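Asker: Predicted model and sequence below, questions to follow.
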Amino acid sequence: MEIFPIGIVHSSIRSRSDMPVQGVDAEIEVFPDYVAALDGIKESSHLILICWLHEADRNVLKAVARKVSGDLPERGVFSLRSPVRPNPLSVSVVRLCGLREGRILNLANVDLIDETPVIDIKPYQRGWDCIFSATGHDRTEKIRKMGPGEYRKSLIREAVNYHGELCPGVAVAVRIAEAAARILGCDLAVPEVAVAPGTDPCIADALIGITGARPGNRRLRHPGGEDCIVAAPGMEVIFHLRDAPESIEAVLAAREESLFDCELAFPDDR
């Protein structure tokens, strides 16, 4: 088995311990011998990067998601996205922001440190690579260990990946999701959580992206009006929306009570 790097990462992050969970803006320098392989790449908005994590420990079979919290339960590395593993290959989806000088890719959401060798680049194809019905482990404990800023970044990324852009409506949905997760005390993507997203299409898109709710899994309820409802067994949180600011920054900085009123309902007690 012979593998040759086709490029290298140029990043402002030089230590794994400094890498934010959501990654950073970075560049991939494709080596001159492989420039012809970039033909047509600008037609893709997102790419799959396969890289060699050259500083990773290859003798680890169990690890902890330490970027979130060091006291989370230990899990097998094949169930984690940890860099430490027998063959430390990194497979990540990044956003292509531009191509310059014919071989420098400008990328967003890159969680690779400076000088990481690039093994391959593939186009991300929504119809093949996005499995919206995919499930994973319950992240409730992990979310509790996250700082509020890191959890917000995670919600924004999930919402934007589905909706396509960060707009004021998506920002409102992120604030709703933050409040719902806090009140219900659980990961909003678990099968027990259902959503009635209301009538705003941007908020609806964002809440679907965050929760994974859809008609087929019976977690997406028909909107009963402009209110958003996030429900778990025995409890519903009803969000009565107020007029939100017109800028994304203002929505994210606003107090919750200026964005919506929360009402709790307990259907099982009716």
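Answerer: Perfect, I can see it now. Numbers count the residues shown, from 1 in each chain.
Asker: the bottom helix or strand of the protein by mean pLDDT?
Answerer: Using mean pLDDT, DSSP states H and E, helix 140-145 stands out as the lowest-scoring helix or strand of the chain, at a mean of 85.
Asker: what's the closest non-adjacent residue to V9?
Answerer: Taking Cβ to Cβ, 6 or more residues apart in numbering, and ignoring the residues beside it in sequence, V9 has T116 as its nearest neighbour in space, at 4.1 Å. Every residue, glycine included, has its C-beta placed from N, CA and C.
Asker: OK, contacts around the one you found?
Answerer: Taking Cβ atoms under 8 Å, 6 or more residues apart in numbering, we find T116 in contact with 8-9, 11, 51-54, 90.
Asker: What subset of those residues is buried?
Answerer: 8-9, 11, 51-53, 90 (16 or more other Cβ atoms under 10 Å).
Asker: Strands along the protein, start to end?
Answerer: Secondary structure of the chain (DSSP state E): strands located at 7-10, 24-30, 46-52, 62-63, 75-76, 89-100, 104-110, 117-123, 194-196, 228-232, 235-241, 260-265.
Asker: Got the confidence number for the closest residue in space to A179 that isn't next to it in sequence?
Answerer: Take A179 and drop its neighbours on the chain: the residue closest to it by Cβ to Cβ, 6+ apart is E256, 5.9 Å away. pLDDT, E256: 96.
Asker: and what of N161?
Answerer: Note for N161: predicted pLDDT of 92.
Asker: quick one: the closest residue to it other than its chain neighbours from N106, how far?
Answerer: Excluding the flanking residues, the one nearest N161 by Cβ to Cβ, 6+ apart is G209, at 6.1 Å. G209 is 25 Å from N106, where distance means Cβ to Cβ, to the nearest Å.
Asker: the more surrounded of those two?
Answerer: Summary of the neighbour comparison: G209 and N106, criterion other Cβ atoms under 10 Å, with G209 having more neighbours (22 against 15).
Asker: right, and that one touches G164 too?
Answerer: No - in terms of Cβ atoms under 8 Å, G209 does not count as a neighbour of G164; the distance is 9.8 Å.
Asker: shared neighbours, those two?
Answerer: Contacts common to G209 and G164, judged by Cβ under 8 Å, 6+ apart, are absent.
Asker: Quick one: residues contacting P5.
Answerer: For P5, the set of contacting residues under the criterion of Cβ under 8 Å, 6+ apart consists of 31, 52, 117-119.
Asker: Contact partners for S133?
Answerer: For S133, the contacting residues are 212, 214, 216-217, taking Cβ under 8 Å, 6+ apart as the criterion.
Asker: Looking at stretch 186-206 now, give me its mean pLDDT.
Answerer: For stretch 186-206, the mean pLDDT works out to 95.
Asker: returning to what we had before: and of the buried ones among the contacts of T116, the nearest to R242?
Answerer: Distances from the buried ones among the contacts of T116 to R242 were compared by Cβ to Cβ; the smallest belongs to S11, at 40.8 Å.
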